[in-house]
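*Asks:* Attaching a predicted model along with its sequence, questions to come.
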Amino acid sequence: MRLPVTFGAILALALVGGCGGGSASPTSPGPSAAGPTPTNAALSIVCNASGSGTAVAIANFAFNPASANVAANGFVTWNNSDSTTHTVTFDNGPDCGSVSGGGTTTAQFAAAGSYAYHCRIHPSMKGTIVVG
């Protein structure tokens with residue numbers, strides 16, 4: 001016996017089938033002003049990456065610019081011109097380690113979102129990388 005299929009039945013199946021599918025996503029629902037905030041930044045950030053892109057200066061105990069923009073899969077390189085060591089430590093992600101005076105470190109960002117970071121040694125030093 002064949003039953004007629006209605007638009008309402010198809011829509012109901014599509015809605016039920018699309019809920020709770022358990023698929024992994026690198027971002028949480030709901031955008032913020034700078035875009036979605038990644039829920040697993042550790043998987044979205046690769047420390048000590050090889051590449052070039054946006055530069056962030058570390059000078060006078062500050063990250064400059066405090067907020068930098070980069071495309072998905074793009075790179076950010078921090079250049080420490082202070083004579084003291086600093087770190088690039090993501091609030092909800094990896095610690096990319098120490099950057100000695102005159103040194104550099106580079107990270108690659110795989111997923112769109114806003115990534116807040118700080119210096120673990122000098123917590124008042126804060127910055128954000130916005131990946132779009």
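*Replies:* Thanks, I have it. Bear in mind that the values here come from a model prediction, so they are computed numbers and not experimental data.
*Asks:* following the helix or strand residue 89 falls within, which helix or strand comes up?
*Replies:* If you go by DSSP states H and E, residue 89 is part of strand 86-90. Next along the chain after strand 86-90, taking DSSP H and E as the criterion, comes strand 95-99.
*Asks:* buried ones in that next one?
*Replies:* Neighbour counts over strand 95-99 (16 or more other C-beta atoms under 10 Å) mark 96, 98-99 as buried. (Each C-beta comes from the backbone N, C-alpha and C, glycine too.)
*Asks:* Repeat that for stretch 63-78.
*Replies:* By 16+ other C-beta under 10 Å, the buried positions in stretch 63-78 come out as 63, 68, 70, 74-78.
*Asks:* repeat for stretch 93-109
*Replies:* For stretch 93-109, by 16+ other C-beta under 10 Å, it's 93-94, 96, 98-99, 105-109.
*Asks:* List the beta-bridge partners for residue 99.
*Replies:* Per DSSP bridges, residues listed as beta-bridge partners of residue 99: residue 86.
*Asks:* Which pLDDT value belongs to it?
*Replies:* For residue 99, the model assigns a pLDDT of 98.
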